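Trainee: with the sequence up front, the predicted model follows.
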Amino acid sequence: MKLLEAISSFAGKYFVFLVIGASVLAFFVPEPFLPISSYVPILLGIIMFGMGMTLKPVDFKMVAKHPLPVVLGLIAQFTIMPLTAFAIAYLLNLPAELAAGLVLLGSVPGGTSSNVMVYLAKGDLPLSITMTSFSTLVAPLATPAILYVLANQWMPVHFWDMFTMIVQVIIIPVSLGLIIKKFLPSFSLKAEKGMPLVSVLAVLAILSAVVAANQATLMEAGLIVFLAVILHNAAGLTLGYAAAAAFKLSPSQRRAVSIEIGMQNTGLGATLATAHLTPFAAIPSVIGAAWHNFTGTILATYWSRNEIVDDQQINQSSQPEKDKVV
């Protein structure tokens, strides 16, 4: 068990390098990864099942006790990311499929790896977990609805088909995870130790399968789609932090909101795009899988080396010296 925990810790710590390595390998040697494509929804369901087993009642109680950060985070998640994706798609004049794919990337909930990044960044981890949980639970309605409003001009969006798939790969597995945690706590406790590794392997498998299946389209996409994903991610991280600061959330909460909004569930984005749009529309999510974890790791590392200074300390330090003399 200790070996499993050590491997899980290693995989979590070097996740970004594993993502890049898997992407490069699948791009240059696609054949071994192509059969995985048919199992992508199941793999995503496994990830969500693990997420369900990690949820605790305290995560939901937090909304009742401190609703502002969670509500703000949810609103920002489903406004900042899809609207900036829409604006970037127009600004860069992306082809229709890539434009729809970028908006889809902006419309999915926060990714589970964001929780790890918030932890490393010394951010508010309970807030991050709660935001991920609630944005995931809201996704069956929010994601297809936003995509229908913003991207239907580029490609036909089938709301109910997408809604049904999100329920199947997210809501049902998360619910099963919650049930097992409730009624089989000893099994759940043991399984939780291995789930991070299982989730990492599932994410790598999904990413590899999508890259392999879209090798040719990745080559055709060119640098413009990379630029679009980079701008989109930067907007999410920056505007997420700014929104949290505008509502006077604490510095640790600002870090959590920033990372949570900037890092999307790229696995879900790639799965939905492949199943309900086109494989070409999955390209922004494929690139985002590597890029989001890359910038998330850099930002987390930077913040981890900087002590959090709350607003009260800032205000005290800005007072004139004569005001501080008693």
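Mentor: That came in fine, so what should we check first?
Trainee: tell me the buried residues in the helix or strand containing Leu137?
Mentor: Element membership for Leu137, per DSSP states H and E: helix 125-151. For helix 125-151, burial by neighbour count (16 or more other C-beta atoms under 10 Å) applies to 125-137, 139-140, 142-147, 150-151. Placement of C-beta: from N, CA and C, glycine included.
Trainee: so which elements touch that helix?
Mentor: helix 40-54, helix 57-65, helix 67-91, helix 96-107, helix 113-120, helix 159-166, helix 251-262 (3 or more C-beta pairs under 8 Å, 6 or more residues apart in numbering; DSSP states H and E).
Trainee: by mean pLDDT, show me the worst of these.
Mentor: Least confidently modelled of these is helix 57-65, at a mean of 66 by mean pLDDT.
Trainee: returning to that earlier point: mind putting the helices and strands packed on helix 125-151 in JSON lines, distance to Pro173 and mean neighbour count included?
Mentor: Shown next, in JSON lines, are the helices and strands packed on helix 125-151 (distance: least, C-beta to C-beta, whole Å; neighbours: other C-beta atoms under 10 Å):
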{"stretch": "helix 40-54", "distance to Pro173": "4", "mean neighbour count": "22"}
{"stretch": "helix 57-65", "distance to Pro173": "17", "mean neighbour count": "13"}
{"stretch": "helix 67-91", "distance to Pro173": "20", "mean neighbour count": "20"}
{"stretch": "helix 96-107", "distance to Pro173": "20", "mean neighbour count": "28"}
{"stretch": "helix 113-120", "distance to Pro173": "17", "mean neighbour count": "25"}
{"stretch": "helix 159-166", "distance to Pro173": "11", "mean neighbour count": "16"}
{"stretch": "helix 251-262", "distance to Pro173": "21", "mean neighbour count": "28"}
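Trainee: worst-scoring helix or strand of this structure, pLDDT-wise?
Mentor: When the helices and strands of the chain are scored by mean pLDDT, DSSP states H and E, helix 311-318 comes last with a mean of 44.
Trainee: give me every residue that touches His292.
Mentor: 111, 113, 233, 262-264, 266 (C-beta atoms under 8 Å, 6 or more residues apart in numbering).
Trainee: buried set for the strand or helix carrying it?
Mentor: Under the criterion of DSSP H and E, His292 resides in helix 283-304. Buried positions in helix 283-304, judged by neighbour count with 16+ other C-beta under 10 Å: 283-297, 299-300, 303.
Trainee: check what pLDDT the residue nearest the centre of the chain gets.
Mentor: Nearest to the mean C-alpha position of the chain, counting by C-alpha atoms, centre = their mean, stands Gly111 at 2.1 Å. Note on Gly111: pLDDT of 76.
Trainee: same thing with Ile7?
Mentor: pLDDT, Ile7: 68.
Trainee: coming back round to it: now for the contacts of His292, which pair is the farthest apart?
Mentor: Ser113 and Asn233 (13.3 Å; C-beta to C-beta).
Trainee: shared neighbours of these two, anything?
Mentor: Taking C-beta under 8 Å, 6+ apart as the criterion, Ser113 and Asn233 both touch 263, 292.
Trainee: contacts for stretch 155-166?
Mentor: Counting by C-beta under 8 Å, 6+ apart, 41, 96-97, 100, 139-141, 143-145, 147-148, 151, 268, 271-272, 275-278, 281 sit against stretch 155-166.
Trainee: try it again with 6 Å
Mentor: For stretch 155-166, contacts defined as C-beta atoms under 6 Å, 6 or more residues apart in numbering pick out 100, 139-140, 144, 147-148, 151, 276-277.
Trainee: any idea how far Met81 is from the residue nearest to Thr136 when sequence neighbours are not counted?
Mentor: In space, not counting the residues next to it along the chain, Thr136 is nearest to Pro109; the distance is 4.6 Å by C-beta to C-beta, 6 or more residues apart in numbering. Pro109 sits 10 Å away from Met81, going by C-beta to C-beta, to the nearest Å.
Trainee: the helix holding His292 vs helix 96-107, what angle?
Mentor: Angle, helix 283-304 to helix 96-107, by axes from the mean of the first three to the mean of the last three C-alpha atoms, to 10 degrees: 40 degrees.
Trainee: alpha carbons only: can I get helix 283-304 in CSV?
Mentor: Extracted C-alpha coordinates of helix 283-304, given in CSV (Å, rounded to 0.1, in the frame of the first residue of the first chain):
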residue,chain,number,x,y,z
ILE,A,283,-8.2,19.8,-30.6
PRO,A,284,-8.5,22.7,-28.2
SER,A,285,-9.3,20.3,-25.3
VAL,A,286,-6.4,18.1,-26.3
ILE,A,287,-3.9,21.0,-26.3
GLY,A,288,-5.6,22.4,-23.2
ALA,A,289,-4.9,19.1,-21.3
ALA,A,290,-1.2,19.7,-21.6
TRP,A,291,-1.2,23.5,-21.4
HIS,A,292,-3.5,23.9,-18.4
ASN,A,293,-1.4,21.5,-16.3
PHE,A,294,1.8,23.3,-17.5
THR,A,295,0.7,26.8,-16.5
GLY,A,296,-1.1,25.4,-13.4
THR,A,297,2.2,23.8,-12.2
ILE,A,298,4.2,27.0,-12.9
LEU,A,299,1.6,29.2,-11.0
ALA,A,300,1.4,26.8,-8.1
THR,A,301,5.2,26.7,-7.8
TYR,A,302,5.4,30.5,-7.9
TRP,A,303,2.7,30.9,-5.3
SER,A,304,4.0,28.2,-3.0
